[in-house]
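1. the sequence and its predicted three-dimensional model are supplied below.
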Amino acid sequence: MDDTHGSAAETWPEAGWRLDKLMSSREREAVDAEVAAIAERIDAFAEVREQLDTIDVDGLFALLETYEGLQRDVQRVMGFASLWFSEDTQSAEALDCRNRLQAAMTRAANKTLFFGLWWQGLDDARAAELLAGIEARHADYGFYLADQRRKARYRLSEDAEQIINLKNADGISAVLTLYSLLTNSFHFQPPKDSEAAAAGEEWTRDQLTTLALSSEADEREWAYKELYRVYGEQRSVLGQMYVNRVRDWASENLQLRGFDSPISVRNVANDVSDEAVDSLLDVIRERSGVFRDYFKLKAGWLKQDKLRRYDIYAPLRTSDRRMEYSKAVDLVLDTFGDFDGAIGDHARRVFAEGHIDVPPRPGKRGGAFCASPLPDVTPWVLVNFDGTMRDVATLAHEMGHAVHSMLSEDHSVFTHQPCLPLAETASVFAEMLITERLLEQEDDETARREIVASSMDDMYATIARQAYFVIFEREAHQAIGEGAALADLEKIYLGTLAEQFGDAVEVSDEFRGEWTAIPHIYAVPFYCYAYSFGQLLVLALYQRFREEGDAFIPGYVRLLSYGGSERPEVALGEMGIDPRDKDFWRGGFAVLDRMLKQLS
């Protein structure tokens, strides 16, 4: 471990990643040729429409094979466009490519809509007969067809679905692209007395928010004030984008499709019951006092009467250490490999194949993610690694996602991706493994306390913070439906902060607009409870691992290997977990109680 504050830039791999497994060339002519070939195959697929009334199991199986091939190609080219745009959101070529492909694939999707609508509209007896035959031949195809029937009640007519697809491409999808373009173009000022300011530098959001982890209180304050100063300058625009997003969500999903509530749309997509999500959020609200107690302890360690919101993630004495990128990679790979050799081998593939983009740079998408466009192709990982210990945890998190994807690589395109609440299982478990490894390597008790405290910071960020984003969304969607203005939304958000922090944390006024800086609530409404679900689930799983040792691993690997080929309640039920049971979620908080006791 390197305790210096120098940059780890000398250890970067070559900037960017390799995308050749998705597209052989980035030249416009080559891309257009690929798209034209896909369009031709889709036109041929559409000709089977007239045969559906008399199709037998053999014919349906052959049709599914063809349809899966088309879906692979669509995901391949769209994955390429998305990853290229993420490299540099200010690249005119990348944006043009993404827009052209999005338009072409929307047209393609409209031509294949008939297949899903035909299947969902079949009478139950005929569907059951065909489904039994398909399930006997191909479990993934059978699960996919059964899952499509589960969602049938929310589908509209073919004409209506086509209109919605076209509307989305030029409507709400364009609004979300504009949000990404606008916010990724933001530049931030470094602290006025810093070397960066003297050199006239401007920072990206990731560079700025690194200061939120600074050991200097004034730097932490600067980071948040500067972040929300810049976002605040576009307050009205960002607020209006969100209002339009919410209205569009309600118009399509509540008025047209008939979902019970705005959040039910996400729950159905996740194949998780409203009852399970309500239980999760209720228990988090009920038990959020554990974080308030922790923040009071932290205020004492920082010699403050009361913790400020600026100080939530403040490091203690030594936790502002930095680690070179190469050492972070070694730590992650060694930790994965020691847990399970095959998991370690999977993780190495990402680096060996050049599927990772590491250094922060202007125009690059902020944050971190793992993308798996195709099940049998090594995923791509994006991080903005600047050497902090939190960056090390983030690297482990995203590599956990990659391993999860590779463990389910034998599944169909239809069933490869796990539902969102289970999608965070491997990533959060990987963070737990890294924390345990750091504790094993540390002899100093004060430093060990700081590692546990840092983990507690992360638990807050993943459990309570993400859950309260969703609690805000539920209230905001209802309020916008009743005509709420931007000021009303800000008041609602401040109310959620007051509930989270109580008398333990002082929240300054600029945080009223924090929600405008959260991309998920724009792009994927109600997504964030998946983080809370995953973290509390992993706390229970990790406790079981510590009790059972290596005997735990086969069942855990089996859970990850399902991908999206089994219903969550079935996959979790094999491990004795019922997500509707509030006591299960309280069990996750019992682990947090023990951590807090360890720190007290």
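-> Great, that's in hand. Residues are numbered from 1 along each chain as shown.
2. output the below-cut-off pLDDT ranges for this structure.
-> Scanning the chain for pLDDT under 70 picks out the ranges 1-15, 317-320.
3. how about the strands in it?
-> For the chain, the strands defined by DSSP state E occupy 307-308, 356-357, 369-371, 380-382, 505-506.
4. these: which one's closest to residue 535?
-> strand 369-371 (16.9 Å; C-beta to C-beta). Where you see a C-beta, it was placed from the backbone N, CA and C, and this is true even at glycine.
5. what pairs with the closest one, and is each one parallel or antiparallel?
-> According to DSSP bridges, strand 369-371 forms sheet pairs with strand 380-382 (antiparallel).
6. mind listing residues that contact the partner strand?
-> 17, 19, 83, 86, 350, 355-357, 364-365, 368-373, 398-399, 401-402 (C-beta atoms under 8 Å, 6 or more residues apart in numbering).
7. ditto for stretch 111-129
-> So stretch 111-129 is contacted by 42-43, 45-46, 49, 52, 63, 67, 70, 130, 145, 148-149, 151-152, 155, 157-158, 161-162, 165 (C-beta under 8 Å, 6+ apart).
8. follow-up on the earlier one: just the buried ones among the contacts of strand 380-382, please.
-> Among those, those scoring as buried are 17, 19, 83, 86, 350, 355-357, 364-365, 368-373, 398-399, 401-402 (criterion: 16 or more other C-beta atoms under 10 Å).
9. which of these fall within helices?
-> Among those, the members found in helices (DSSP state H) are 83, 86, 350, 398, 399, 401, 402.
10. so the fifth one makes contact with residue 335?
-> Right, the one you point to is residue 399. No. Between residue 399 and residue 335 there is no contact under C-beta atoms under 8 Å: 9.7 Å.
11. report how many residues lie close to the residue nearest to residue 315 when sequence neighbours are not counted.
-> Using C-beta to C-beta, 6 or more residues apart in numbering and skipping residues adjacent in sequence, the residue nearest residue 315 is residue 215, 5.4 Å away. Burial of residue 215 is recorded as 15 neighbouring residues (other C-beta atoms under 10 Å).
12. could you do residue 519 as well?
-> 17.
13. who touches it in this structure?
-> Here residue 519 is in contact with 179, 180, 183, 367 (C-beta under 8 Å, 6+ apart).
14. picking that back up, rebuild the strands of the chain as TSV, extending it with distance to residue 544.
-> Output for those, formatted as TSV (distance: least, C-beta to C-beta, whole Å):
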stretch	distance to residue 544
strand 307-308	33
strand 356-357	31
strand 369-371	25
strand 380-382	27
strand 505-506	33
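15. nearest to residue 136, of the ones you listed?
-> Among the strands of the chain, strand 369-371 sits nearest to residue 136 (C-beta to C-beta), with 33.6 Å.
16. do you know how far residue 93 is from residue 100?
-> 11 Å (C-beta to C-beta, to the nearest Å).
17. hang on, I meant residue 504
-> 51 Å.
18. which one of these two has more residues nearby?
-> residue 504 (18 against 15).
19. my read: the more buried one touches residue 305, true?
-> No. Residue 504 is beyond contact range of residue 305, at 11.4 Å (criterion: C-beta under 8 Å).
20. can you give me the helices in the stretch 51-200 of the chain?
-> 57-87, 92-121, 124-137, 139-150, 158-170, 172-184, 195-198 (DSSP state H, counting those that start in this stretch).
21. let me redo that: the stretch 451-600 of the chain
-> Under DSSP H, counting those that start in this stretch, the stretch 451-600 of the chain gives helices at 466-481, 486-501, 519-523, 529-548, 553-561, 568-573, 582-599.
22. bridged to the residue positioned nearest the centre of the chain, which residues?
-> With distances taken as C-alpha atoms, centre = their mean, the chain has residue 369 as the residue nearest its mean C-alpha position (6.9 Å). On the basis of DSSP bridges, residue 369 is bridged to residue 382.
23. look at the closest residue to residue 552 other than its chain neighbours and say how many residues are nearby.
-> Leaving aside its chain neighbours, residue 552 sits nearest to residue 545 (4.4 Å; criterion: C-beta to C-beta, 6+ apart). Using other C-beta under 10 Å, residue 545 has 21 other residues around it.
24. before we move on, what about residue 87?
-> 18.
25. that one and residue 370, how far apart?
-> 15 Å.
26. can you check residue 79 too?
-> 12 Å.
27. repeat that for residue 119.
-> 31 Å.
28. repeat that for residue 413.
-> Counting by C-beta to C-beta, the gap from residue 413 to residue 370 is 17 Å.
29. residue 540 too?
-> Residue 540 is 23 Å from residue 370, by C-beta to C-beta.
30. likewise residue 154?
-> Remark: distance between residue 154 and residue 370 (C-beta to C-beta) = 29 Å.
31. what do you get for residue 290?
-> For residue 290 relative to residue 370 (C-beta to C-beta), the value is 29 Å.
32. so what's residue 555 up against?
-> 574, 575.
33. measure it to residue 436 for me?
-> Taking C-beta to C-beta, one finds residue 555 at 19 Å from residue 436.
34. go on, residue 570?
-> For residue 570, the distance to residue 436 - C-beta to C-beta - is 30 Å.
35. who has more neighbours out of the two?
-> residue 436 (17 against 10).
36. dump the residue contacts of the more buried one.
-> Residue 436 neighbours (C-beta under 8 Å, 6+ apart): none.
37. can we see that at 10 Å?
-> 335, 339, 451, 455, 542, 545, 546 (C-beta atoms under 10 Å, 6 or more residues apart in numbering).
38. which of the residues you listed lies closest to residue 576?
-> Distances from residue 576 to the contacts of residue 436, taken by C-beta to C-beta, are shortest for residue 545, at 14.2 Å.
39. buried sites along stretch 367-386?
-> Under 16+ other C-beta under 10 Å, the buried positions of stretch 367-386 are 368-375, 377-386.
40. off-centre distance for that stretch?
-> 11 Å (C-alpha atoms, centre = their mean, to the nearest Å).
41. with stretch 342-349 instead?
-> 21 Å.
42. so which bits of it are buried?
-> 343, 344, 346, 347.
43. what do you get for stretch 329-341?
-> Quick answer for stretch 329-341 (16+ other C-beta under 10 Å): 329, 331, 332, 333, 335, 336, 337, 339, 340.
44. dump those to JSON lines, plus distance to residue 174.
-> Shown next, in JSON lines, are the buried residues of stretch 329-341 (distance: C-beta to C-beta, whole Å):
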{"residue": "329", "distance to residue 174": "38"}
{"residue": "331", "distance to residue 174": "42"}
{"residue": "332", "distance to residue 174": "38"}
{"residue": "333", "distance to residue 174": "41"}
{"residue": "335", "distance to residue 174": "42"}
{"residue": "336", "distance to residue 174": "40"}
{"residue": "337", "distance to residue 174": "45"}
{"residue": "339", "distance to residue 174": "44"}
{"residue": "340", "distance to residue 174": "44"}
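45. mind checking which of these land in helices?
-> Reading helices off the buried residues of stretch 329-341 with DSSP H, I get 329, 331, 332, 333, 335, 336, 337, 339.
46. contacts only, for the second one.
-> Counting by C-beta under 10 Å, 6+ apart, residue 331 touches 1, 323, 392, 395, 396, 434, 437, 438, 441.
47. recalculate using a threshold of 8 Å.
-> With C-beta under 8 Å, 6+ apart, residue 331 has these contacts: 323, 392, 434, 437.
48. quick check on the first one: phi, psi?
-> In this entry, residue 323 is assigned phi and psi values of phi -130, psi 140 (degrees, to the nearest 10).
49. surely it meets residue 393?
-> No. The criterion here is C-beta under 8 Å, and residue 323 misses it with residue 393 at 10.6 Å.
50. any idea how far the residue nearest to residue 171 when sequence neighbours are not counted lies from residue 183?
-> Distance criterion C-beta to C-beta, 6+ apart; nearest residue to residue 171, sequence neighbours excluded, is residue 248 at 6.9 Å. Distance of residue 248 to residue 183, given as C-beta to C-beta: 19 Å.
51. more neighbours: the two, which one.
-> When neighbours are counted by other C-beta under 10 Å, residue 183 comes out ahead of the other of residue 248 and residue 183, with 20 against 15.
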